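Asks: Here's a sequence, model it:
(one chain, ligands or ions: 2)
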Amino acid sequence: MLKESDSFTRNQGFLFGNLVTSPHTSKYYISNEMKTKGSDCACYFPPEMKQAKTIIMNIVNEQRKERKIYEYEVQGDWNPNIAAVNCYANSKEVVNWHSDKLTHLGPMPIIGSLSLGVTRQFRLRRFGNEESNSNRQPSAIYSIPLKHNSLIIMWPPCQEHWKHEVCPQNSIDKHPIAGFKRINITFRQSRDEYGSEMTPTCHHGEQCMLKPVFNGRNMGRYFYSCNAGGPEGKCDFFEWLDIGKRKKEFEEKLKQRKSVN
Ligand SMILES: O=C(O)CCC(=O)C(=O)O
Ligand SMILES: [Fe+2]
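Replies: Ligands and ions are numbered 1, 2, ... in the order given. Presented below is the predicted three-dimensional model:
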């Protein structure tokens, strides 16, 4: 993975009309079973990643026996089939405050995050109810040092209520093998129910993003909106996610697929 990380690339995207380049490099991997689902990504889990996946999957599923399972999260065993791998080349490479995208993971995802190499600070802060907070106090920031070979599990509803970042540091201790590099593998489960076929497209033909409502009277609901903005730089597409309806539509799709085969 250390060797492979030299070929990782920086994502680019538009943020409020400005082209921004990712402050770290990354690469996406998929499991073999995703191959049959028509994904065009050619990077399959290498053998070591498969081994790590199995270990992490077993830990998560064991812990889930003792945990509350939310209605909207994946039912049955958690089975990660994609991995986003980030590489931070030095102490100034970061990932900025964000919560992970729900579009293909669906509501209440579980994310198993394995750290390799240099120890970096992983920070978390709550973001719901910020506007309704009359004092406008910024929420507390929790900082967790993630050592080589440590696992952090972001349980639901972490992505709905918390943001996370890996912040720049003035100094870091050199790792005997990785030097100043840190590699982070986040294992995620892409759910067929939230696959591209099931994701609405806006009036401009862009795939929409699934987002949670994190405060106010609609808190707990999810909606689709367009991030791309459309040709005029704005797109007002909006659609509530009806989870019951989605389940039925997906079952219907499965039945149709079976009858075609
Ligand atoms: O590097 C980390 O620990 C976090 C990575 C992350 O948040 C992400 O890839 O979404
Ligand atoms: Fe993240």
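
Asks: and the residue nearest to Q169 when sequence neighbours are not counted, what are its phi and psi?
Replies: The shortest distance from Q169 to any residue other than its chain neighbours is 4.5 Å, reached at S91 (C-beta to C-beta, 6 or more residues apart in numbering). Where you see a C-beta, it was placed from the backbone N, CA and C, and this is true even at glycine. For S91, the backbone dihedrals (degrees, to the nearest 10) come out as phi -70, psi -10.

Asks: Just confirm L19 is within a helix.
Replies: No: going by DSSP: H, G, I helix; E, B strand; the rest coil, the assignment for L19 is strand, not a helix.

Asks: what's the spacing between it and Q207?
Replies: As for L19, its distance to Q207 is 20 Å (criterion: C-beta to C-beta, to the nearest Å).

Asks: With neighbour numbers in mind, choose between the two.
Replies: When neighbours are counted by other C-beta atoms under 10 Å, Q207 comes out ahead of the other of L19 and Q207, with 15 against 8.

Asks: Show the backbone phi and psi for the more buried one.
Replies: phi -70, psi 130.

Asks: Next: N96.
Replies: Its backbone dihedrals place N96 at phi -80, psi 170, with angles given as degrees, to the nearest 10.

Asks: In terms of helices and strands, where is the residue nearest to it when sequence neighbours are not counted?
Replies: Spatial nearest neighbour of N96, chain neighbours left out: E165 (5.7 Å); criterion: C-beta to C-beta, 6+ apart. Counting by DSSP states H and E, the secondary-structure element that holds E165 is strand 162-166.

Asks: now what about that strand, what contacts it?
Replies: With contacts defined as C-beta atoms under 8 Å, 6 or more residues apart in numbering, strand 162-166 is touched by 24, 88, 94-99, 120-127, 154, 158, 182, 184.

Asks: if you set the cut-off to 7 Å instead, what comes out?
Replies: Contacts made with strand 162-166 from outside it, assessed by C-beta atoms under 7 Å, 6 or more residues apart in numbering, are listed as 88, 94-99, 120, 122-127.

Asks: Tell me the secondary structure at the residue lying closest to D100 once chain neighbours are set aside.
Replies: With C-beta to C-beta, 6+ apart as the criterion, D100 has its nearest non-adjacent residue at 5.1 Å, and that residue is Q159. Following three-state DSSP, we place Q159 in the helix state.

Asks: Around Q159, how many other residues sit close by?
Replies: A count of nearby residues for Q159, using other C-beta under 10 Å, gives 22.
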